[in-house]
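**Q** Generate a structure from the sequence data that follows.
(2 chains)
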Amino acid sequence: MGSISLKNVSKVFGEHKVIPNIDLEIEEGEFVVFVGPSGCGKSTLLRLIAGLEDVSGGQILINGRDATELPPAKRGLSMVFQSYALYPHMSVRGNIAFPLKMAGMDKAAANKKVEDAARVLNLTDYLDRKPRQLSGGQRQRVAIGRAIVREPDAFLFDEPLSNLDVALRVNMRLEISELHQQLKTTMIYVTHDQVEAMTMADKIVVLNRGNIEQVGSPLDLYRAPDNLFVAGFIGSPKMNLIEGAEAKKYDAATIGIRPEHVAISRDSGTWHGKVEVAEHLGSDTFIHVRVDGLGLMTARTDGDVAAKPGTDVYLTPDDSRLHRFGSDGKAMR
Amino acid sequence: MARTVSNRRKWTFTIIAWVIALLIFFPILWTFLTSFKTEGDAVAVPPHFIFFHWTTENYSEIWSRSNYLLYFWNSVVISIGSTLIGLAISIPAAWAMAFSPTKHTKDVLMWMLSTKMLPAVGVLVPIYLIFKNTGLLDTRTGLVIVMTMINLPIIVWMLFTYFKEIPNDILEAARMDGATLGKELIYILTPMAIPGIASTLLLNIILAWNEAFWTLNLTAANAGPLTAFIASYSAPEGLFYAKLSAASTMAIAPILIMGWFSQKQLVRGLTFGAVK
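**A** Model (predicted):
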């Protein structure tokens, strides 16, 4: 079990409409990522599902049951917070066992569950330590342990990796994905990092100003963004967006082309420009070119390509991969 | 790069710190020394610092003349009683203000604090009359009520500051983990706030113990605490500095000892939240 559906859900803080109106279906066992820039309402949406905020309008159904008015504890959901939110006065064992204690489970059974969870999360040696004696990654594992022992219908993750350093973040990303494959439980994951969204999600929900801009699989969103916002938000480096006369040639208000779909040449091509910066990542090189009359554009090339700043180059878009957008910002297909 | 402090500077600051500390401590030290002098030595000019005839006669005389234990007991009842009642009222109040604040929470806090700025003498007459009419004059109950009300703003402020430091995420995590409000209070909030509650308790016991204005004006022989005990040696028979000093030493000794042993907790309590 673990399907969640939002029907006309809205949230108003004072005069401010954080979430105007959202409809969303989350299927059982899905890994759904809410992604968007800061202040887009993604965390608020998660908190509404969790029951930590009351909805201003609409309905939240969990497993088909109306959960709109239920307190957080009765919704059958577990949450992992950005700050870990561990209980500092309790040991790791105490932290993981807390939800079981609240559920009235007897000590022996709870202990067994705690030890099983600790084994899965490599925390067995730390069970008697206090959270302050653990590293960031270990703390996050404890928070996940506390969430999994309850065997919830769904997990909610609120930017769980933002406090970790890059290397650890990549590791934890894999661990959470593996955990999802193991448990097959519904997971809703909030992040502002589109790389996390792309790598982990079955389904991405792109949010902007409290509205859903697009819902789809990572590759659907990448290949066929519904609008300019999604086109600009998903993908790193960003899609090149061109307006004006050049877009008119394609009967569009704006055209977009991803950096890997732009060919770069020294001799000939569609757009002429000068190399401004070349970022060498080893496997790839991102070449930022100041194109005459169009501004800065990025081309993604092989890691071995060398390009000195100031060099004259030509860029040629792959027309079959070109995205066209109308004056309302929506994709024209 | 760490700032290097030259040795000379370090010494200068150390000496200044010691001088200031001694200046602050000097009145207590002088009182203590005077309590072991004869009345003659106590008023000698120039004053004798250490080389005088040491005597414990002041203490034995005070012990035989006054009922020290009654005053002491009154001080204990008034300071601890008022602090405990104050905490019982303030904990829920501070909790509500810290965790479900409204637009006007800050105003309420400021208003509470503003009552501390009112000169106490301004309300002496009405309170005296109320106490007289209700039979609370010179009773421990009356003093406990007054002390509770006087220190309530400080208790609420201190606890509010403490509770504000408890991250909301942790409380929300407890709610997600299935804790009801009662269990959230028992298992999460209270254990996390215990250092704060303890230092508030200690500070308020000290404040109530040392309070002199209300205790002198509202008590006489029955409910007078140690501040009244000191005062009883100051006036009617002329100035007997040595005895007054002995009485003062006996009055402040218990709270000084308590403060000494709990200073770590007190400093932590008073500086809590100042540095993250």
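**Q** So what's the residue count around residue B:95?
**A** By the criterion of other C-beta atoms under 10 Å in any protein chain shown, residue B:95 has 17 neighbours. For every residue, glycine as well, the C-beta is placed using N, CA and C.
**Q** hang on, I meant residue A:65
**A** 11.
**Q** for residue A:300, same thing?
**A** The burial count for residue A:300: 18, using other C-beta under 10 Å.
**Q** What helix or strand is it located in?
**A** Following DSSP states H and E, one finds residue A:300 within strand A:295-302.
**Q** State the mean pLDDT of that strand.
**A** Strand A:295-302 comes out with an average pLDDT of 94.
**Q** Run me through the strand neighbours of the helix or strand just after it, direction for each.
**A** Sequence-wise, the next helix or strand downstream of strand A:295-302 (DSSP H and E) is strand A:312-317. Paired strands of strand A:312-317, with direction, are strand A:262-265 (antiparallel), strand A:271-280 (antiparallel) (DSSP bridges).
**Q** Mind giving me the packing neighbours of the strand holding residue A:300?
**A** strand A:240-243, strand A:262-265, strand A:271-280, strand A:284-291 (3 or more C-beta pairs under 8 Å, 6 or more residues apart in numbering or on different chains; DSSP states H and E).
**Q** Quick check: buried residues in the third one?
**A** For strand A:271-280, burial by neighbour count (16 or more other C-beta atoms under 10 Å in any protein chain shown) applies to A:271, A:273, A:275, A:278.
**Q** could you list every residue that touches the second one?
**A** Meaning residue A:273. Counting by C-beta atoms under 8 Å, 6 or more residues apart in numbering or on different chains, residue A:273 touches A:289, A:290, A:291, A:292, A:294, A:297, A:312, A:313, A:314, A:315.
**Q** Repeat that for the first one.
**A** Neighbouring residues of residue A:271 by C-beta under 8 Å, 6+ apart: A:291, A:292, A:294, A:297, A:314, A:315, A:316.
**Q** From these, pick the one nearest residue B:103.
**A** Here the nearest of the contacts of residue A:271 to residue B:103, counting by C-beta to C-beta, is residue A:297; it sits at 49.6 Å.
**Q** Which positions in the stretch 51-200 of chain A make contact with chain B?
**A** A:52, A:71-73, A:77-79, A:81-83, A:85-89, A:98-99, A:102-103, A:146, A:150 (C-beta under 8 Å from any C-beta of the partner chain).
**Q** And the buried ones among these, selectable in ChimeraX?
**A** Here is the ChimeraX command that picks out the buried ones among those, judged by 16+ other C-beta under 10 Å:
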select /A:52,72,73,77,78,79,81,82,83,85,86,87,98,99,102,146,150
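**Q** average model confidence for stretch A:245-258?
**A** Here the average pLDDT along stretch A:245-258 is 94.
**Q** Please apply the same query to stretch A:35-49.
**A** Here the average pLDDT along stretch A:35-49 is 94.
**Q** what about it, how long is it end to end?
**A** Start-to-end span of stretch A:35-49 (C-alpha to C-alpha, to the nearest Å) is 16 Å.
**Q** what's that stretch in contact with?
**A** A:4, A:6, A:9, A:11, A:18-19, A:22, A:34, A:53-55, A:60, A:77, A:79, A:156, A:158-159, A:188, A:190-194, A:196-197, A:204-210, A:213, A:233-234.
**Q** now do stretch B:121-141
**A** B:74, B:77-78, B:81, B:142, B:145-146, B:213, B:217-224.
**Q** most neighbours, which of those residues?
**A** For the contacts of stretch B:121-141, neighbours tallied by other C-beta under 10 Å; top is residue B:78, 31 neighbours.
**Q** can you put the contacts of residue A:271 in a markdown table and add distance to residue A:136 and neighbour count?
**A** Listed next are the contacts of residue A:271 as a markdown table, based on distance: C-beta to C-beta, whole Å; neighbours: other C-beta atoms under 10 Å in any protein chain shown:
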| residue | distance to residue A:136 | neighbour count |
| --- | --- | --- |
| A:291 | 43 | 19 |
| A:292 | 48 | 10 |
| A:294 | 43 | 19 |
| A:297 | 38 | 22 |
| A:314 | 47 | 17 |
| A:315 | 42 | 23 |
| A:316 | 46 | 16 |
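**Q** Just give me the closest of the residues you listed to chain B.
**A** Nearest to chain B, judged by C-beta to the nearest C-beta, of the contacts of residue A:271 is residue A:297 at 42.3 Å.
**Q** picking that back up, okay, and which of the contacts of stretch B:121-141 map to helices?
**A** If you go by DSSP state H, the contacts of stretch B:121-141 have B:74, B:77, B:78, B:81, B:142, B:145, B:146, B:213, B:217, B:218 in helices.
**Q** How much space separates the third one from chain A?
**A** As judged by C-beta to the nearest C-beta, to the nearest Å, residue B:78 and chain A stand 33 Å apart.
**Q** Repeat that for the second one.
**A** Look at residue B:77 and chain A: by C-beta to the nearest C-beta, they are 33 Å apart.
**Q** Residue B:78 contacts residue B:208, doesn't it?
**A** Yes: the pair residue B:78 and residue B:208 passes the contact test of C-beta atoms under 8 Å, sitting 6.2 Å apart.
**Q** list the residues that contact both of those two?
**A** Contacts common to residue B:78 and residue B:208, judged by C-beta under 8 Å, 6+ apart, are residue B:147.
**Q** What residues does chain B have near chain A?
**A** Going by C-beta under 8 Å from any C-beta, the residues of chain B near chain A are B:167, B:169-170, B:172-180, B:183, B:187-188, B:191-192.
**Q** Residue A:289 contacts residue A:299, doesn't it?
**A** Yes: with contact defined as C-beta under 8 Å, residue A:289 reaches residue A:299; the gap is 6.4 Å.
**Q** which residues do the two both contact?
**A** In contact with both residue A:289 and residue A:299: A:264, A:315, using C-beta under 8 Å, 6+ apart.
**Q** which residues of chain B score low on pLDDT?
**A** Along chain B, segments meeting pLDDT under 70 span B:1-5, B:235-238, B:268-276.
**Q** Which parts of the stretch 101-250 of chain B are helices?
**A** Using DSSP state H, counting those that start in this stretch, the helices of the stretch 101-250 of chain B run over B:105-114, B:124-134, B:140-164, B:168-176, B:181-183, B:190-210, B:213-218, B:226-231, B:241-261.
**Q** In CSV: the ones you listed, plus distance to residue A:176.
**A** Shown next, in CSV, are the helices of the stretch 101-250 of chain B (distance: least, C-beta to C-beta, whole Å):
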stretch, distance to residue A:176
helix B:105-114, 38
helix B:124-134, 64
helix B:140-164, 32
helix B:168-176, 18
helix B:181-183, 29
helix B:190-210, 28
helix B:213-218, 62
helix B:226-231, 63
helix B:241-261, 49
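**Q** out of these, nearest to residue B:38?
**A** Checked against C-beta to C-beta, the stretch from those lying closest is helix B:241-261, at 6.4 Å.
**Q** Which residue would be the closest one in the stretch 151-300 of chain A to chain B?
**A** When scored by C-beta to the nearest C-beta, the stretch 151-300 of chain A has residue A:156 as its residue closest to chain B, at 8.2 Å.
**Q** that older thread, the helices and strands packed on strand A:295-302: which one's closest to residue B:115?
**A** Nearest of the helices and strands packed on strand A:295-302 (C-beta to C-beta): strand A:240-243, 61.4 Å.
**Q** Residues contacting that closest one, please?
**A** Residues contacting strand A:240-243 (C-beta under 8 Å, 6+ apart): A:228, A:231-232, A:253-259, A:262, A:294, A:297-298.
**Q** hmm, 6 Å instead?
**A** Applying C-beta atoms under 6 Å, 6 or more residues apart in numbering or on different chains, the external contacts of strand A:240-243 come out as A:254, A:255, A:256, A:257, A:294, A:297.
**Q** Show me which of the residues you listed is closest to residue A:124.
**A** residue A:256 (50.0 Å).
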